[in-house]
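[1] 3D model of this:
(chains A and B)
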Amino acid sequence: MALHFELVTPEKLVRSEAVHMVVVPGAEGEFGVLEGHAPLMSTVRDGLVSIYKSEGAQPETIAIEGGFAEVNEKGLTILAERVSG
Amino acid sequence: MASLKELKGRIASVKSTQKITKAKQMVASAKLRKAQAAAEAARPYSERLERVMASLASKISISDSSPKLLAGTGKDQVHLLIVTSSDRGLCGAFNSNIVKAAKLKARELEAAGKTVLFYLVGRKGRGMIIRDYPKQIVRYFDTTALKNQGFAEAQAISAELIAMYEKGEFDVAHLFYSKFRSALLQEPIGRQIIPVAIPAGSAVASEAAVEYEPDEEEILAELLPRNVTTQIFGALLENAASEQGASMTAMDNATRNAGDLINRLTIEYNRSRQAAITTELVEIISGAEAL
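    Below is the predicted model of the structure:
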């Protein structure tokens, strides 16, 4: 099973795809989100989001600035103000 | 009747006007596509943010300690009207429609004994508001140097607004812009952005217990200013798309009118040319007969 991951900025929808795991730089520490994660809301500090397409794969990183992450039964949504890389 | 030379001059001038309106129409339709795509691309973000805000706000009870952006200043005296308009003309009634909506609200508020202040974004609406409310404009945000209004501008505007709000310079803020429905239809609307109006009953009752990191209040305190920025950004984008749409329609009409005018003038020109020839012939013939 895969995790539905969305990365949204005010300018556009950057990512909307199924991935294995995403590591989010939360305000109180990094956390990894896998499929079936408990509902969670967290602010995000400026940092790198690591996206693991499949188990054990090399992570793809995206730098985000100013944001907010929400995990619900549908998946993980990150709202970021700016994205680079 | 105008002389032949005059008519010729008028036809030439209408033709060159038509060239301008036609060019502007084509520019607008090209820009419209881009502006529309940008406005559409921004929607997912604001939709999600709004949903999160609604679900958070429904979980928090408003008390004295809750953020002022949510709870308000406790007063309802000074209203700030944020009026966004375009920097360029040639777009029909686009700007005056927005200004009209804002003035209507201003009169209504003044009739109720409130103080009304204006915060202007964009050049074209400025003159129209200065005429009626010369002393009530607190700030004019200049966007003329920018090619595309982006998120950075929205951030600058909202930072300024929030600073003014914290200082207690106003109690309620309304945002006026034009919503883009289609290229033919733009609708000027005004909505309250500060304090944040949470749509009642829109929150989805989530049965699952959600974990908050840090806690609800802190998240909300961070989200509220962001929500203001997002709303302003959305308004700027909608406005940009509406401007191009209005411009396209207005210029299409103008081009068509110019075409009609050219046809009419050409007929008139040919008629008077023919009349002149006839007169000349009659003169020659009657001259020859007299001999």
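
[2] Okay, domains of chain B per the record?
    When chain B is parsed with automatic domain parsing, its domains come out as B:4-21+B:252-290, B:32-247.

[3] which residues in the chain form strands?
    If you meant another chain, say so; for now it's chain A. A:3-8, A:13-19, A:21-26, A:29-34, A:40-44, A:47-52, A:60-72, A:75-84 (DSSP state E).

[4] Chain B is the one I meant
    Going by DSSP E, chain B shows strands at B:78-84, B:115-121, B:137-141, B:172-180, B:186-194, B:211-213.

[5] Now tabulate those strands in CSV and tack on distance to chain A.
    In this view, the C-beta of every residue, glycine as well, is placed from N, C-alpha and C. As requested, those are arranged in CSV below (distance: least, CB to the nearest CB, whole Å):
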stretch, distance to chain A
strand B:78-84, 16
strand B:115-121, 17
strand B:137-141, 18
strand B:172-180, 16
strand B:186-194, 15
strand B:211-213, 4
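
[6] right, so of those strands, which gets closest to residue A:50?
    When the strands of chain B are compared by CB to CB, strand B:211-213 sits nearest residue A:50, at 18.1 Å.

[7] returning to that earlier point: turn the strands of chain B into TSV, including mean pLDDT.
    Below are the strands of chain B laid out as TSV (pLDDT from 0 to 100):
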stretch	mean pLDDT
strand B:78-84	90
strand B:115-121	90
strand B:137-141	84
strand B:172-180	91
strand B:186-194	87
strand B:211-213	78
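
[8] mind putting these in CSV, distance to residue B:44 included?
    Rendered in CSV, the data for the strands of chain B read as follows (distance: least, CB to CB, whole Å):
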stretch, distance to residue B:44
strand B:78-84, 22
strand B:115-121, 24
strand B:137-141, 26
strand B:172-180, 16
strand B:186-194, 20
strand B:211-213, 23
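
[9] Tabulate the ones you listed (TSV), appending distance to residue B:166 and mean neighbour count.
    Listed next are the strands of chain B as TSV, based on distance: least, CB to CB, whole Å; neighbours: other CB atoms under 10 Å in any protein chain shown:
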stretch	distance to residue B:166	mean neighbour count
strand B:78-84	13	24
strand B:115-121	15	22
strand B:137-141	15	15
strand B:172-180	13	24
strand B:186-194	11	18
strand B:211-213	25	15
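
[10] Which of the domains of chain B has the lowest mean pLDDT?
    When the domains of chain B are ranked by mean pLDDT, domain B:32-247 comes last with a mean of 83.

[11] Looking at the strands of chain A, spot the one closest to residue B:182.
    That would be strand A:13-19 among the strands of chain A, by CB to CB, at 22.6 Å.

[12] which neighbours does the closest one have in its sheet, and in what orientation?
    Sheet pairing here is set by DSSP bridges, and for strand A:13-19 it gives strand A:3-8 (antiparallel).

[13] So which bits of the strand it pairs with are buried?
    A:3, A:5, A:6, A:7, A:8 (16 or more other CB atoms under 10 Å in any protein chain shown).

[14] From the domains of chain B, pick the one with the highest average neighbour count.
    domain B:32-247 (a mean of 18; mean count of other CB atoms under 10 Å in any protein chain shown).

[15] residues in contact with stretch A:42-60?
    Identification of contacts with stretch A:42-60 by CB atoms under 8 Å, 6 or more residues apart in numbering or on different chains yields A:5, A:7, A:15, A:19-28, A:30-31, A:61-69, A:78, A:80, B:212-214, B:218-219, B:222.

[16] and the end-to-end length of it?
    End-to-end distance of stretch A:42-60 (CA to CA, to the nearest Å): 21 Å.

[17] How far off centre is stretch B:67-79?
    Relative to the chain's own centre, stretch B:67-79 is displaced by 26 Å; criterion: CA atoms, centre = their mean, to the nearest Å.

[18] cool, and stretch B:128-135?
    How far stretch B:128-135 lies from its chain's middle: 18 Å, per CA atoms, centre = their mean.

[19] and what of stretch A:43-56?
    Relative to its parent chain, stretch A:43-56 has a centroid offset of 6 Å by CA atoms, centre = their mean.

[20] next one: stretch B:221-233
    For stretch B:221-233, the separation from the chain centroid amounts to 20 Å (computed by CA atoms, centre = their mean).

[21] do that stretch and chain A meet at all?
    Yes: shown here: stretch B:221-233 in contact with chain A (CB under 8 Å from any CB of the partner chain) through B:222, B:223, B:226, B:229, B:230, B:233.

[22] Sweet, I'm off.
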